[in-house]
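Peer 1: when you get a sec, could you give me coordinates for this:
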Amino acid sequence: MPNEPKKSLILRSIIRYSATISLLAIIAVSIVLYLHKMQNDMQRLSVERQQKIELTYTLRTLIRERMVTLFQVINYEDPFAQDESRQYFMGLASRFIQVRAELEGLISSDEEQLLFKQLRELTTWGTPHLQQVIVLYDNGETDKARQYLLDKSLPVQNEVLNHCDSILSFYQLQANDDVERTLAEYRSSLNWLIALAVLAIIASLLIAYIENNQIRRDRSRLAEENLQRRKAEEALKLLHHELEQRVDERTEALNDSLKHLNQAQRISNMGHWEWDITTGALKWSKQIFTIFGLNQEMSEPSYELFSECIHPDDRELVSCSVERAVQGIEDYAIEHRIVLPDGSIRFVFEQGEVSTDDAGNPIRMIGTVQDVTEQRELMQKLQLSDHVFNNTAEGIMITDRDNIILNVNAGFSRIMGYSYEEIVGQQPRKLKSGRQDIDFYKGLWQSLIDHGTWQGELWNRRSNGEIIPVWMTINVVKDEYNHIENYIAIFRDITEVKRSEEELWHIAHHDPLCDLPNRNLMNAYLEQSMAHAKRDDRIIALMLIDLDDFKNINDTLGHSAGDHALIAFAKILKGSVRESDVVARLAGDEFTIMLSDVSSANEAEVVAQKIIGALAEPVSIEGQMITLGASIGISFYPTDGATANYLLKCADQAMYLAKHEGKNSYRIYEK
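Peer 2: Numbers count the residues shown, from 1 in each chain. The predicted structure follows:
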C-alpha cells in the first residue's frame, strides 16, 4: 500500500507536469502563432510603407521635372523642340495624376487621409497657375509667362514639394512607432508567458529565453530593415540626382542640337517650316526669314505673307502644288521665284510632307525651303557651256593629265570620223599622221610646259585613213595648286583653206596663160638652188629664151593665135628638160630654164640644141601650120655670177648676142 501514494504522487506529478507541459506547450504555441501573425503584419506594413515612400519620391521627382520641362517649353525658339517638350510636359502631368491616385489607394489611416487631402488641394490650387503660364506663352507673351512662372507657379510647386517631404517624414515617424509598438507587444507577451509559467519556472525561463532571443533577432531584423530602407532612400536620392543630371544633359544636348541645326541651315541656305492645316498657323525657322529678306522681329509667319513673297507669275503654280500635296495626289516639291523687299528676284526649291490623322484627313505639313539661285545660275552656265561644246563647228578634245581622252564633241566626230565611244579612253596619238617628225612634237610639248599653250598647223589621220590639215590650239588646265589636270585641244579642218591658199599661191607665182612659174617664183627657185649648189659644190645653168618674130604672129594671126603659140612653145620647153629642172615665163615671149645640176657646159648646150631641133617642126595654130624660132642665152653659176639677178643679166646678154647673129640659135655667156 505504501507504494500507492508514491505511485499516485508520481502519477499526479506526471499528470501535473504533463498538464503543465501541455499548458505551457499550448501557451507557447499560442504565443508562437501570435508572434508569427505579428511578424507577418509587420512585414506587410513594412512593404506597404516602402511602396508609399517610393511613390512619394516619384511624385516629388515628377513635380520637379514638370517645372524643368515647362521652363524649356517657354524658352525654346525652335518649334520642333518646343512642341516635343510640350508633349513631354503633358505626359508628366498625366503620370503625376496616375502616381498620386496609386498612392491614395494605399492610404490606411486618418492621418494619411488628411495629408493626401492637403496634397490634392495644393495640386488643385497649383494647376491653374501652370495652365496660366501655357496660356500666356501661347498668346505670345513669353516674358509674362516667364515672370508668372517665377512669381506664382514656382512658389506653389515648392509648397507641393514641401508637403511631399512632410508625407515622407510622416512615414518615417510611423516606421519608428511601429518598431516601438512591436517591442512593447513583445514584452507584454513575455510577461504573460512568465505569469502562466509560474509552476514551470524552468520551462517558462526557457520559453522566456527563447522569446527574448526571438525579440533580439526581431530587433536585429528590424534594424536591418531600417538599414535597408535607408539604403533604399539613399539609392532613390542618387537615382533622383542622376535623373536631374540626365535632364540637364538632355537640355544641353537639345540646345547644342538646335545651335548646330541653325548653323547647318545657315551654311546650306536652307530653312524649315511647319504649317497647321486645320488652324492655318505657320511657323518658320530663322533661316527662312533670311532667305525671304524679312525681319524676324517685325514679320509674323503666315500663308498670306508667304504668298506675297512669291513672284506673281508663280503664285498659281505654287498654290496648285500645295493643294495637290494636301489632297494626297503628289508630294510637294517645286522650284519657283520669290521677290525680295528690295525688288531682287531669287529662286527657291521647296519640298514638304503632309501628316494625316487616323481618318486620313490632312492636319499638318512640314517642309524645307532652300535658296537655289546660285545653283540655278551655275546650271544654266553649265547647260550653255554644254550647248556650245556640242554645237560648235570646231572639234574639241579633252584629255586628263596622262593624256587619256576624256571627252570629245560632235565637231570632233564630224571632222575626224571617230564616234564618242570609239575615241574616249584612247590617246591622241591615235590621230597621228606621221607627217610631223619627233622634233615637231618635242617643240609642241615644250611650249605646253613653258607657256601652258600651243598653236599651230597639225596633220591628223581620220578614221578612214585620210590625212587632213587642222589648225589646233592646245591649252593646259591647272588646279589651285598649279598641278596639271587637263589638256583642251580646239581645232578646225583647214583642208579647204589650204587648198585655197595653194590656189592663191599658185596664181600669185605662176603665169596664168602657160601655167609656168613667173619671175618671182623663178627667182626664189634660183636663189634656193644656188644656196644648195654652193653647199654641195655643184653647177647651175640658166637659159634665157626669147621667141623670134613673135610680133609678126600677133600682127598677122591675132593675139589669140599668139597666146596659143606661147602655150605650144611652153610645152616644147617642158618636154625638153628633166623633172628636176624649172621652166618659167618671165614676161611676154621671154622664158627661162634653170638646170639645177649640170656637170659641164655641154649638158646645157645639149638642151639648147634639143629645143632648137624641136622648134624646127611646124605646129598647128588655129588651123594654120607655122614654124617657131627662138634665141637662147646661157650663163652658169658660180662662174658667171653669184646672184640670181646678175646670172639672169648674163644670160640675157648671151641671148641678145644669139638673136643679133641670126636668131634660132644659142650662145654661152663669155666675159
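
Peer 1: next, the buried residues of the helix or strand containing Ala489.
Peer 2: Element membership of Ala489, judged by DSSP states H and E, is strand 484-493. Using 16 or more other C-beta atoms under 10 Å as the test for burial, strand 484-493 gives 486-487, 489-493. From N, CA and C alone the C-beta is placed, and that goes for glycine too.

Peer 1: and what of stretch 147-155?
Peer 2: Buried residues in stretch 147-155 (16+ other C-beta under 10 Å): 148-149, 152-154.

Peer 1: now, which of those residues sits nearest Asp537?
Peer 2: Ranked by distance to Asp537 (C-beta to C-beta), the buried residues of stretch 147-155 are led by Leu149 at 116.6 Å.

Peer 1: which SS class is the closest one?
Peer 2: helix (DSSP: H, G, I helix; E, B strand; the rest coil).

Peer 1: wait, it sits on Ile74?
Peer 2: Yes: Leu149 lies in contact with Ile74 (C-beta atoms under 8 Å); the separation is 7.0 Å.

Peer 1: overlap in contacts of the two?
Peer 2: Val133 (C-beta atoms under 8 Å, 6 or more residues apart in numbering).

Peer 1: any idea of the mean pLDDT for stretch 297-306?
Peer 2: For stretch 297-306, mean pLDDT is 86.

Peer 1: name the residues of that stretch that are buried.
Peer 2: Quick answer for stretch 297-306 (16+ other C-beta under 10 Å): 301, 306.

Peer 1: repeat for stretch 355-375
Peer 2: Buried, per 16+ other C-beta under 10 Å, within stretch 355-375: 362, 364-365, 367-373.

Peer 1: from the residues you listed, which is closest to Ser188?
Peer 2: Arg364 (70.8 Å).

Peer 1: ok, back up a step: contacts for the strand holding Ala489?
Peer 2: Contacts for strand 484-493 (C-beta under 8 Å, 6+ apart): 393-401, 403, 406, 415, 428, 448, 458, 460, 468-479.

Peer 1: and the residues you listed, which of them are in helices?
Peer 2: Counting by DSSP state H, the contacts of strand 484-493 place 415, 448 in helices.

Peer 1: hmm, back to that, for the buried residues of stretch 147-155, give me TSV that also has pLDDT and distance to Ser344.
Peer 2: Listed next are the buried residues of stretch 147-155 as TSV, based on pLDDT from 0 to 100; distance: C-beta to C-beta, whole Å:
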residue	pLDDT	distance to Ser344
Tyr148	78	44
Leu149	75	43
Lys152	75	49
Ser153	75	48
Leu154	79	49
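
Peer 1: TSV for these, including distance to Leu378?
Peer 2: As requested, the buried residues of stretch 147-155 are arranged in TSV below (distance: C-beta to C-beta, whole Å):
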residue	distance to Leu378
Tyr148	52
Leu149	50
Lys152	57
Ser153	54
Leu154	55
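
Peer 1: just the terminal-to-terminal distance for stretch 306-323.
Peer 2: 15 Å (C-alpha to C-alpha, to the nearest Å).

Peer 1: helix or strand right after the worst-scoring helix or strand of the chain on mean pLDDT?
Peer 2: Sorting the helices and strands of the chain by mean pLDDT, DSSP states H and E puts helix 3-75 at the bottom, at a mean of 65. Once the chain leaves helix 3-75, the next helix or strand it forms, by DSSP H and E, is helix 79-104.

Peer 1: for the helix or strand just after that next one, name the packing helices and strands.
Peer 2: With elements assigned by DSSP H and E, the helix or strand that comes after helix 79-104 is helix 110-138. Helix 110-138 sits against helix 3-75, helix 79-104, helix 142-148, helix 154-196, with contacts defined as 3 or more C-beta pairs under 8 Å, 6 or more residues apart in numbering; DSSP states H and E.

Peer 1: buried sites along helix 110-138?
Peer 2: Residues 112, 115-116, 119, 122-123, 126, 129-130, 132-134, 136-137 are the ones in helix 110-138 that count as buried (16+ other C-beta under 10 Å).

Peer 1: how does this structure divide into domains?
Peer 2: 16-244, 269-377, 392-499, 510-668 (automatic domain parsing).

Peer 1: which one of the buried residues of stretch 147-155 is nearest to Gln82?
Peer 2: Leu149 (15.0 Å).

Peer 1: how about the closest one: what's its closest non-neighbour residue?
Peer 2: Nearest residue to Leu149, sequence neighbours excluded (C-beta to C-beta, 6 or more residues apart in numbering): Val133, at 5.0 Å.

Peer 1: how much space separates the one you found from Thr643?
Peer 2: 114 Å (C-beta to C-beta, to the nearest Å).

Peer 1: what's the answer for Glu104, then?
Peer 2: When Glu104 is compared with Thr643 (using C-beta to C-beta), they lie 133 Å apart.
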